[in-house]
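Chemist: Provided below are the primary sequence and the corresponding predicted coordinates.
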Amino acid sequence: MRFATPLVPATLLRRYKRFLAEARLDDGTEVTAHCPNPGAMTGLAGPGARIWLEPNDDPRRKLDYGWRLVDLGAGHMAGIDTGVPNRVVVEALREGRIDGLTGHDVRAEVPYGEASRVDFLLTGEGRDTYVEVKNCHLRRQGDLAEFPDCVTRRGARHMEELARMVGKGHRAVLIFVVQRTDCARVAVAADIDPAYARAFDAARAAGVEVICLSTEIDTQGVRASAPLPFDGG
């Protein structure tokens with residue numbers, strides 16, 4: 001997945017109202033950027049952070065910039081746009097780069113369950129496969145990436161819906177996309193959202209599969225890379 005326009009560097013001044021950020025471009029200009037992330041963004045939104053913005057000239061958009069990346073130092077990057085993982089996954093699915101999920105027709109945002117929409121429905125190879133994608137960029141200790149970074153009732157509902165699909169004879173897969181380059185394993189942050197952790201464990205016990213993907217991130221784009229181990233049994 002490549003960014004539509006070249007990114008420009010900036011210094012984060014503050015993130016506020018969840019979806020807004022103020023930043024200073026390298027020429028000293030202060031701008032307001034859209035922050036496409038409703039989560040806590042722990043460790044990624046501190047004032048003074050080196051960030052990367054995507055300019056746009058779309059008159060339909062209220063802001064001229066969208067926040068895309070955080071420079072973590074030591075050659076590492078984190079992506080903050082929660083819409084990117086779905087774009088990364090659909091690209092990898094269509095290119096046959098996710099083990100165990102090749103050879104299917106791919107449809108996005110298909111209604112299922114009780115008033116939900118599954119991120120991707122894979123058909124054409126035996127059972128239908130229901131795929132949910134989660135953005136994962138919380139890092140609190142060592143090389144461990146965790147999900148979620150805040151309470152997610154929607155995420156818990158998705159786990160319950162996936163478990164129901166398995167109960168109906170379908171296949172269901174949860175994909176954690178680790179949108180930062182300094183992590184080597186993935187776990188559920190049960191202390192942040194115990195209800196999600198319970199729903200996650202119940203879904204796995206019901207047969208929902210878990211795939212964790214690392215990413216390659218630079219100012220050109222984000223691409224799915226090697227699988228990572230799930231650190232939770």
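Modeler: Everything's here; your move.
Chemist: For the residue nearest the centre of the chain, give me its contacts.
Modeler: To find the centre residue of the chain, average its C-alpha atoms and take the closest one (Cα atoms, centre = their mean): that gives N135, at 1.9 Å. Taking Cβ atoms under 8 Å, 6 or more residues apart in numbering as the criterion, N135 is in contact with 39, 82, 84-85, 147, 177, 179. Backbone N, C-alpha and C define where each C-beta goes, glycine included.
Chemist: If I look at it, what pLDDT would I see?
Modeler: If you check N135, the pLDDT there is 97.
Chemist: next one: S116
Modeler: S116 is assigned 85 on the pLDDT scale.
Chemist: For the residue nearest to it when sequence neighbours are not counted, what are phi and psi?
Modeler: Taking Cβ to Cβ, 6 or more residues apart in numbering, and ignoring the residues beside it in sequence, S116 has E161 as its nearest neighbour in space, at 5.1 Å. Listed backbone geometry of E161 is phi -70, psi -40, with angles given as degrees, to the nearest 10.
Chemist: E161 against A115, yeah?
Modeler: No: in this structure E161 lies outside contact range of A115 using Cβ atoms under 8 Å: 9.6 Å.
Chemist: tell me what whichever strand or helix holds L13 is packed against?
Modeler: Under DSSP states H and E, the secondary-structure element containing L13 is strand 8-16. Contact here means 3 or more Cβ pairs under 8 Å, 6 or more residues apart in numbering; DSSP states H and E; on that basis strand 8-16 packs against strand 20-25, strand 30-34, strand 50-55.
Chemist: What subset of the contacts of N135 is buried?
Modeler: Buried members of these, counted by 16 or more other Cβ atoms under 10 Å: 39, 82, 84-85, 147, 177, 179.
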